[in-house]
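1. just coords:
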């Protein structure tokens, strides 16, 4: 609010006049909240004018605080007493409690000295044995040494009341723990019914041998036989005579098996291409002993082409095929019989065959007889055959040079095969051609030259395909 300044006349003090003093702006400072503790008050956060001392809830002095900003002290909230040092019969103990509001606030109290309290220790029962005394279960005070019949110390007893007198042995009927043998005594053991660890033993005399005859068994084809001998029914000892004067081993009695004396194999069922056969032989010692074996089916052997199958060859040039045996390829060449082209047998003069699986090369003269187009080749072996296919293409001239001799001159034919894949036709010199005054033959000559070039390039491409 604005202030007021009052002026007073020096002649007459009752004469006065006033002037308004504009209100000052608040100079606010922020006062942070302070939490109340168990023993000290706190306060809320607020703003306070340093000029007028008024308090506000906000920094613009819009909301004045007219009440108290104090937050009252909380007071202690004590937890349960906890014993930190137990009292004994001769010394006080200590106990403490902690404030739930602030664990650093604690309160300590003494615990009065105790009167005598029996500290009882249980003593387990010790049963009496055949040879030593025992005692019942009881409790003894560690402080005063008195005896009690119960854990609460309510029933006091004397030490003599705890004692149990020792027992005498009570033996059972005994069991044989070591059987007597023909030559050694046995043992019979008796056990006390009160305590199984208490035993005593009696000797059982040796029984002596009891020999019985084992008759001789002749040897068979597969099973050993044995001579006659005697064996003790009790211990299994082997001897030659019933008196047992000569001890032997089982190996001493063995007559070795004779082994089979097999006759010749007899075929019971012949093998076919699709089904196994069966053969059998019979032992001459014992006709009940028979041995049979499977005769494998005579399945066809595969002879795949390594190269040549599906190839294209030029008419009048070599045509080579390689065939191998699917198994035992080292026998392929020795099994080779011949070849057929398109189902017709080829004379041996028209091809060569050499080892390396089997490498078959048709001679150029024979290849020249084959028509242009597709053909089949069948390679024959003594245990199978294989068929492939190939294609024959016609040879093409190396060039198509023609020298016109008149207005109707026919270009000279060129049937010679090109000598390499890069052979180019000889260039045409038109200066020597006779002038007929007619351009018709000149055009024909150019067309045939272009055709010959195309044929030569076709042969080059076919050769490259073959040797690739």
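-> Yep, it's here. Computed from a predicted model, the values in this text were never measured in an experiment.
2. and residue 57, what is it in contact with?
-> Contact analysis of residue 57 by Cβ atoms under 8 Å, 6 or more residues apart in numbering lists 46-47, 63-65. For the C-beta atoms, the positions are set from N, CA and C on the backbone; glycine is no exception.
3. can you pick the most crowded of those?
-> residue 47 (20 neighbours; other Cβ atoms under 10 Å).
4. Would you list the phi and psi of that one?
-> In terms of degrees, to the nearest 10, the main-chain angles of residue 47 are phi -110, psi 140.
5. Can you read off the pLDDT for it?
-> Note on residue 47: pLDDT of 91.
6. do the same with residue 427
-> 33.
7. low-confidence ranges in this structure?
-> Scanning the chain for pLDDT under 70 picks out 1-2, 273, 298-300, 396-468.
8. now with 50?
-> 396-445, 460, 465-468 (pLDDT under 50).
9. Can you show me the helices along it?
-> Per DSSP state H, the chain carries helices over the ranges 332-335, 364-369, 440-467.
10. Flag every buried residue along stretch 286-298.
-> The neighbour-count check on stretch 286-298 (16 or more other Cβ atoms under 10 Å) flags 289, 295 as buried.
11. try stretch 232-249
-> 232, 234, 237-240, 244.
12. Same check on stretch 95-106?
-> 95, 97-99, 105.
13. Which member of these is positioned nearest residue 128?
-> Among those, residue 95 lies closest to residue 128 (Cβ to Cβ), at 48.1 Å.
14. Looking at the buried residues of stretch 95-106, spot the one nearest residue 180.
-> Proximity of the buried residues of stretch 95-106 to residue 180 (Cβ to Cβ) peaks at residue 95, which lies at 78.5 Å.
15. The closest one touches residue 82, doesn't it?
-> Yes - Residue 95 lies in contact with residue 82 (Cβ atoms under 8 Å); the separation is 6.2 Å.
16. picking up where we left off before, dump the contacts of residue 57 into TSV; add distance to residue 361 as well.
-> Supplementary listing: the contacts of residue 57 in TSV, determined by distance: Cβ to Cβ, whole Å:
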residue	distance to residue 361
46	118
47	117
63	118
64	124
65	122
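17. Among these, which ones are in strands?
-> 46-47, 64-65 (DSSP state E).
18. ok, so of these, who is nearest residue 228?
-> residue 46 (128.4 Å).
19. Pairing partners for the closest one in the sheet, please.
-> For residue 46, the beta-bridge partners under DSSP bridges are residue 31.
20. got the contact list for it?
-> By Cβ under 8 Å, 6+ apart, residue 46 lies in contact with 31, 55-57, 65, 69.
21. separation between the residue sitting furthest away from the middle of the chain and residue 19?
-> Distance from the C-alpha centroid of the chain, by Cα atoms, centre = their mean, peaks at residue 11 (121.7 Å). Using Cβ to Cβ, to the nearest Å, residue 11 is found at 20 Å from residue 19.
22. Could you list the buried residues of stretch 181-192?
-> Applying 16+ other Cβ under 10 Å to stretch 181-192 flags 182, 186, 188, 190-192 as buried.
23. want to throw the ones in strands among the contacts of residue 57 into TSV with distance to residue 35?
-> Listed next are those as TSV, based on distance: Cβ to Cβ, whole Å:
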residue	distance to residue 35
46	15
47	19
64	24
65	18
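24. which one of these is nearest residue 219?
-> residue 46 (124.6 Å).
25. Tell me how far that closest one lies from residue 33.
-> Applying Cβ to Cβ, the value for residue 46 to residue 33 is 8 Å.
26. what does residue 97 give?
-> 30 Å.
27. Of the buried residues of stretch 232-249, which pair is most distant in space?
-> The widest separation within the buried residues of stretch 232-249 (Cβ to Cβ) is 18.4 Å, between 234 and 240.
28. Tell me the one of the buried residues of stretch 181-192 nearest residue 137?
-> Comparing these against residue 137 with Cβ to Cβ picks out residue 192 as the nearest, at 23.9 Å.
29. Hmm, the closest one is touching residue 199, no?
-> Yes - in this structure, residue 192 is within contact of residue 199 by Cβ under 8 Å, at 7.2 Å.
30. residues touching the nearest residue to residue 283 once chain neighbours are set aside, list them.
-> Leaving aside its sequence neighbours, residue 283 sits nearest to residue 289 (Cβ to Cβ, 6 or more residues apart in numbering; 3.8 Å). Listed by Cβ under 8 Å, 6+ apart, the contact set of residue 289 reads 221-222, 260, 282-283.
31. The same query, at a cut-off of 10 Å, please.
-> Contact criterion Cβ atoms under 10 Å, 6 or more residues apart in numbering gives 220-222, 260-262, 281-283 as the residues in contact with residue 289.
32. can you check residue 318 too?
-> Applying Cβ under 10 Å, 6+ apart, we find residue 318 in contact with 351-352, 361-364, 366-367.
33. what does residue 90 give?
-> Going by Cβ under 10 Å, 6+ apart, residue 90 touches 113-114.
34. same question, the one 5 residues further on
-> With contacts defined as Cβ under 10 Å, 6+ apart, residue 95 is in contact with 80-87, 107-111.
35. cool, residue 185 as well?
-> The contact partners of residue 185, taken as Cβ under 10 Å, 6+ apart, are 178, 203-207.
36. Same check on residue 362?
-> Residue 362 is in contact with 308, 313, 317-321, 339, 341, 346, 350-352, 368-370, 377, 390, counting by Cβ under 10 Å, 6+ apart.
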